[in-house]
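A.B. asks: predicted model follows, preceded by the sequence.
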Amino acid sequence: MTEQLNLTDVMTEVQKFITSDGQIIPEQRDFYRVLRDKMNNHTGLFTEPEVELILLDARTEVLDLSDDDYNAIYNVVMERFGLSKRLEEEARQREELVRKERLRKEAELKARAEAIAQAKAEAEAKAKAEADLRAQIEEQERLAAEARNRAQAEEAARKAAEEAAKREEEARVRAEEIARIEEEARLKAEENARLKAEEEARIEAEEQAKIKAEEDARIKAEAEELRKAEESIRLEEEAKLKAISEAHQKMVDDAIRITEQERLEEENRLRQEIEQAKKLAEESRKLEEAEAKKLEEEQRRAIEQDAARAQAEAAAKAAEEAERLAAEEAAKAAEVKVIPELPPQDE
């Protein structure tokens, strides 16, 4: 009859080996933790073939454990069963079964390694790839248990498959719920941003309209003042021309009383005064036009600067609002992420 052990016997042998040199290698600690969980969850007997399969199963989940360390742990556990007491035929059959199972497990290990490498390059497909790989391994274990006609192993594999399907369904439902919540939050944030942008645009338009109205009123008032100033200058010029005309008339009247020479001198003097007055009036008019153009150009530049400043402020506000909304969406997305717990460092 095949010798049987209990959980304590197997784990004691493994613990003795990994602590034999006074320190525990991290890969050996991980293998011990995974092996302990699988031994605890095992519902069958701890016979040699079943313990071998549990060891191989734990090996597929600890890829960093070296082959030398695994073989050493395997030999320590197997020696506990007293392999030398078995018949040569039983040993040959067991070795053949283990060899076939090892080849299958190595193929599964290679497939798992390839899936993990691909998952690192395709982060978005990582969860689904790992779930598919685990479902495939569990299905193959269930088929292997059926081939060995072990009813207890078949029941354990069936329960494991049901539990995996349940976890996958729960994960899918949770992912859909998270996606729905994120989509609702995104739509709400976009609607709030749109309403706020429309309100800010309306307020900005009203403010710009108000500024433009005030500026138009100011320009109109300045234009009215300029018109009054030009009217005053025109009246002054007309008064000067009238005075010159009266002086000319006086010259004509006085010509009767003075000599021809004196009349000519007086006419020449008055003509020079008229020319000088016209020249002064023309220079004054040009100066007034230059001042009016300068004032109008300064007003135009002021309006353009105010408009550019208002546009820059509106763009800055829009950028700040976009950053704030992006930060809020990132914070909301971070709140719904599931962060797995890290395993303890010391067993």
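C.D. replies: Done, it's in.

A.B. asks: what's the lowest-mean-pLDDT helix or strand in the chain packed up against?
C.D. replies: One helix or strand of the chain scores below all others by mean pLDDT, DSSP states H and E: strand 4-5, with a mean of 75. Counting by 3 or more Cβ pairs under 8 Å, 6 or more residues apart in numbering; DSSP states H and E, the packing neighbours recorded for strand 4-5 are strand 46-47. For the C-beta atoms, the positions are set from N, CA and C on the backbone; glycine is no exception.

A.B. asks: how about 10 Å then?
C.D. replies: helix 7-18, strand 46-47, helix 48-61 (3 or more Cβ pairs under 10 Å, 6 or more residues apart in numbering; DSSP states H and E).

A.B. asks: tell me which of the ones you listed sits most buried.
C.D. replies: helix 48-61 (a mean of 20; mean count of other Cβ atoms under 10 Å).

A.B. asks: just after that one, pick out the following helix or strand.
C.D. replies: Once the chain leaves helix 48-61, the next helix or strand it forms, by DSSP states H and E, is helix 67-80.

A.B. asks: state the mean pLDDT of whichever helix or strand comes after that following helix.
C.D. replies: For helix 67-80, the following helix or strand on the C-terminal side (DSSP H and E) is helix 88-121. The average pLDDT within helix 88-121 is 80.

A.B. asks: relative orientation of the helix or strand where residue 196 lies and helix 48-61 in degrees?
C.D. replies: With elements taken from DSSP H and E, the one containing residue 196 is helix 151-255. Helix 151-255 and helix 48-61 meet at an angle of 10 degrees, taking axes from the mean of the first three to the mean of the last three Cα atoms, to 10 degrees as the criterion.

A.B. asks: which strands and helices lie in contact with the helix or strand following helix 151-255?
C.D. replies: For helix 151-255, the following helix or strand on the C-terminal side (DSSP H and E) is helix 260-335. Contact here means 3+ Cβ pairs under 10 Å, 6+ apart; on that basis helix 260-335 packs against helix 151-255.

A.B. asks: give me the below-cutoff pLDDT ranges for the chain.
C.D. replies: Residues of the chain that meet the criterion pLDDT under 70 lie in 1-3, 83-93, 252, 255-256, 258, 334-347.

A.B. asks: can I see the domain layout of it?
C.D. replies: 4-174, 184-335 (automatic domain parsing).

A.B. asks: out of the ones you listed, deepest packed?
C.D. replies: domain 4-174 (a mean of 15).

A.B. asks: distance from it to the middle of the chain?
C.D. replies: Its chain's C-alpha centre and that of domain 4-174 lie 41 Å apart, by Cα atoms, centre = their mean, to the nearest Å.

A.B. asks: what's the first-to-last distance across that domain?
C.D. replies: 43 Å (Cα to Cα, to the nearest Å).

A.B. asks: so residue 21, which of the three states?
C.D. replies: coil (DSSP: H, G, I helix; E, B strand; the rest coil).

A.B. asks: how about the closest residue to residue 285 other than its chain neighbours, what does it touch?
C.D. replies: Closest residue in space to residue 285, ignoring its immediate chain neighbours: residue 233 at 7.3 Å, by Cβ to Cβ, 6 or more residues apart in numbering. By Cβ atoms under 10 Å, 6 or more residues apart in numbering, residue 233 lies in contact with 281, 284, 285, 287, 288.

A.B. asks: and the gap between residue 233 and residue 226?
C.D. replies: 11 Å (Cβ to Cβ, to the nearest Å).
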